[in-house]
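Q: sequence-free structure coming up:
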């Protein structure tokens, strides 16, 4: 989608609902797919009852260019269908943002090595 080859075309995406943000007359649905997350723009009446974060869903709509959307593209949703709902809330909160940490560079190994018993 990011390359723009699908602009103006109808597509169907399957993934997990990462977040829902109601903004008055529209709702932004972030759908986690294999390549990352896609912003879907929905009217509240298009959303099925019981849609929540971590639901598996199918979203059908038209791809359009939107500079403010992550990746520069968004999906104007025409239909949203829930495939499954979580049985219970996750035991650990799913982070909405990725911390820019890399354990290999942000945590030097020396303190861990010094505390380890020597063989």
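A: Sure, I can see it. Because the structure is a prediction, the values reported are computed rather than measured. Numbering: from 1, shown residues only.
Q: pLDDT weak spots in this protein?
A: With pLDDT under 70 as the threshold, the chain has low-confidence stretches at 1-2, 4, 94-119.
Q: strands paired with the longest strand along the chain, and their directions?
A: Looking across the chain with DSSP state E, the single longest strand is strand 10-23. The sheet places strand 10-23 alongside strand 26-33 (antiparallel), strand 56-65 (antiparallel), with pairing taken from DSSP bridges.
Q: Over to the nearest residue to residue 85 once chain neighbours are set aside: give its phi and psi.
A: Leaving out its chain neighbours, the residue that sits closest to residue 85 by CB to CB, 6 or more residues apart in numbering is residue 55, at 5.2 Å. In this view, the C-beta of every residue, glycine as well, is placed from N, C-alpha and C. Here is the backbone geometry of residue 55 (degrees, to the nearest 10): phi -70, psi 140.
Q: Mind jotting down where the helices sit in the chain?
A: Using DSSP state H, the helices of the chain run over residues 103-106, 110-115.
Q: okay, how far is it across stretch 46-56, tip to tip?
A: Length of stretch 46-56, first residue to last, CA to CA, to the nearest Å: 16 Å.
Q: Also stretch 62-69?
A: Here the two ends of stretch 62-69 are set 14 Å apart, with distance taken as CA to CA.
Q: still on that earlier bit, would you convert the strands paired with strand 10-23 into TSV that also reports mean neighbour count?
A: Converted to TSV, the strands paired with strand 10-23 look like this (neighbours: other CB atoms under 10 Å):
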stretch	mean neighbour count
strand 26-33	18
strand 56-65	17
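Q: To residue 8, which of these lies closest?
A: With CB to CB as the criterion, residue 8 lies closest to strand 56-65 of the strands paired with strand 10-23, at 6.7 Å.
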